[in-house]
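Student: Pasting a predicted model and its sequence here:
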Amino acid sequence: MKNAGATVIITARNEPEPPDYSFHFIAADLSKSEGTEKVISEIKTKFGGLDILINNLGGSKTPGGGFRVLTDENWELTIHTNLLAPVRLDRGLFTLHD
């Protein structure tokens, strides 16, 4: 779990195949608040906090056609995945240092 003196923690919905034990993996869906809470809780419990955070989450499952074809559900899923997920994670991990 140590790379150049750092403990590396990653999260995704599914564990990589084959598992890589050079880092700590947390399975979670960050587009949902309960997934973010799981990650924050595990990091707080096992590591006490973070020194560096790299947010690399994003995606879209929206159909083509632009704003005319997108439903409120499409917009909400995109906002939860691309905006609220990293905000929740940043806010939750930042409060670990308060």
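Tutor: Cool, got the structure. Residues are numbered from 1 along each chain as shown.
Student: I'd like to check which residues are in contact with the most centrally placed residue in the chain.
Tutor: The chain has residue 30 as the residue nearest its centroid, 4.3 Å off, counting by Cα atoms, centre = their mean. Counting by Cβ atoms under 8 Å, 6 or more residues apart in numbering, residue 30 touches 11, 36, 39, 57, 81, 85-86, 88-89. C-beta coordinates here come from the backbone N, C-alpha and C atoms, glycine included.
Student: which regions of the chain lie under the pLDDT threshold?
Tutor: 1-3, 96-98 (pLDDT under 70).
Student: swap the cut-off to 80 and go again
Tutor: For the chain, residues meeting the criterion pLDDT under 80 lie at 1-5, 95-98.
Student: Show me what the longest helix belonging to the chain is packed against.
Tutor: As assigned by DSSP state H, the longest helix anywhere in the chain is helix 33-47. Packing partners of helix 33-47 (3 or more Cβ pairs under 8 Å, 6 or more residues apart in numbering; DSSP states H and E): strand 9-12, strand 24-27, helix 85-94.
Student: Beyond it, next helix or strand please.
Tutor: Proceeding N to C from helix 33-47, the next assigned helix or strand is helix 72-79, under DSSP states H and E.
Student: Okay, buried residues for that following helix please.
Tutor: 77-78 (16 or more other Cβ atoms under 10 Å).
Student: Return the distance of it from the chain's centre.
Tutor: Distance, stretch centre to chain centre, for helix 72-79: 17 Å (Cα atoms, centre = their mean, to the nearest Å).
Student: quick one: it to helix 85-94, angle?
Tutor: 40 degrees (axes from the mean of the first three to the mean of the last three Cα atoms, to 10 degrees).
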